[in-house]
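[1] The following comprises the amino acid sequence and a computationally predicted model.
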Amino acid sequence: MRVVSLVPSLTEAVAVSAPGALAGVTDWCTHPAAALEGVARIGGTKNPDVRAIAELRPDLVLANEEENRAADLAALREAGLEVLVTEVRDLPQAFAELDRVLVGAMGLKRPGWLADAEAAWARVEPAGPPRTAFVPIWRRPWMVLGRDTFAGDLLARLGVRNAYAGHAERYPRIPAAELAAAGCELVVFPDEPYRFTAGDGPEAFPGIPAAFVDGRHLTWYGPSLAEAPAALAAALRA
C-alpha cells in the first residue's frame, strides 16, 4: 500500500508500523527522521500540493479534521483519491483512530507499540493533588488550550486541570493579563506549535511556576504515546 500522510503523528505511526509504505509526507513530518529520508514532501498540513499528491498515486491519504483544511481534502477526493480523516479529542479516541488507520484501513497486524502505549497510560496515577494550569500554544496573540482537546485530556490524566477546559472555544485567545490573573498554580509551555523557552514565555507570568514539555509528547498520537506518560510526568514535576 502507498500512503500519503498529511499528519505528523500519523506519519510516525505508519513509518514505524509499515516501513516503506509512505509515498509522501508534509514538511512538518519529522519523526522518525531516518525513515523519512527520500520520501516526497508535498507541502504543509494547511497547504498541501494536491497535484503533487495525486501524481504519487497513493492508495490512501491520511488526514485529520483539525490539522487539515476541508477544502484541501475535498480537492483530493475530487482527484479520485481515497482520504481517511481522523478525529482525536481524547486518549481513547486516539487509540481507536490508530487502530482504524493501521489495522482497519492498511490491513496491518496491530503494532506492539500501540499495546505498549495503552499499557503505559493505564498505569498512570496522578502524583499528588490536582493542579490548575493554563497551556499557551501561541503568543502575539496569546492562545491557550480550551475545551475538548487531546492535550488537555492527557494533562488531566496526569493531575493537571486545564483552567480553560470549559471555554466555548477549543483554542481561545486570552489576553496575558487575564491569564496571569486566573489564579492558576502552573503554566504548561509546550515547544510546538510555538516554541516556548525559558526566555520566551514565562516572563509574561511572573510568580507562576512554569513547566516545559515536549510538544510531541503532549499533542502527537503515535509511537510517542508509549513514552509520553513518564516524560510528561517528569517535566511537570520539574
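    Perfect, thanks for sending it.
[2] Residue ranges in the protein under the pLDDT threshold?
    238 (pLDDT under 70).
[3] mind redoing it with 80?
    Residue ranges of the chain with pLDDT under 80: 126-128, 238.
[4] Show me the strands in it, by range?
    Assigned by DSSP state E, the chain shows strands spanning 3-5, 22-25, 40-41, 60-64, 83-86, 131-134, 136-138, 143-144, 160-162, 186-190, 210-213.
[5] how close does Asp49 sit to Asp27?
    Relative to Asp27, Asp49 is positioned 10 Å away (C-beta to C-beta, to the nearest Å). All C-beta spots, glycine's among them, are computed from the backbone N, C-alpha and C.
[6] where do the contact lists of the two overlap?
    Gly43 (C-beta atoms under 8 Å, 6 or more residues apart in numbering).
[7] Which one of these two is surrounded by more residues?
    Asp49 (16 against 13; other C-beta atoms under 10 Å).
[8] what's near enough to touch the more buried one?
    Taking C-beta under 8 Å, 6+ apart as the test, what Asp49 contacts is 42-43.
[9] how does it look with 10 Å?
    Contact partners of Asp49, counting by C-beta atoms under 10 Å, 6 or more residues apart in numbering, are 24, 26, 40-43, 55, 72.
[10] again, but for Pro141
    With C-beta under 10 Å, 6+ apart, Pro141 has these contacts: 173-176.
[11] Check Arg110 too.
    17, 98-99, 102-103.
[12] Could you do Val188 as well?
    Residues in contact with Val188 (C-beta under 10 Å, 6+ apart) are 131, 133-136, 144-145, 151, 155, 160, 162, 196, 209-213, 218, 232, 235-236.
[13] how many neighbours does Val103 have?
    Quick note: Val103 (other C-beta under 10 Å) scores 15 neighbours.
[14] measure it to Pro19 for me?
    For Val103, the distance to Pro19 - C-beta to C-beta - is 17 Å.
[15] hmm, back to that, of all the strands of the chain, which one is nearest Glu203?
    strand 210-213 (9.9 Å; C-beta to C-beta).
[16] And Asp49, its phi and psi?
    For Asp49, the backbone dihedrals (degrees, to the nearest 10) come out as phi -80, psi 100.
[17] Stretch 167-179: which residues count as buried?
    167, 174, 179 (16 or more other C-beta atoms under 10 Å).
[18] cool, and stretch 126-135?
    In stretch 126-135, counting by 16+ other C-beta under 10 Å, buried: 131, 133-135.
[19] Quick check, Ala234 in contact with Phe212.
    No - here Ala234 lies out of contact with Phe212, judged by C-beta atoms under 10 Å, at a distance of 11.1 Å.
[20] doesn't Asn64 make contact with Val7?
    Yes - Val7 is within contact range of Asn64, at 4.7 Å (criterion: C-beta under 10 Å).
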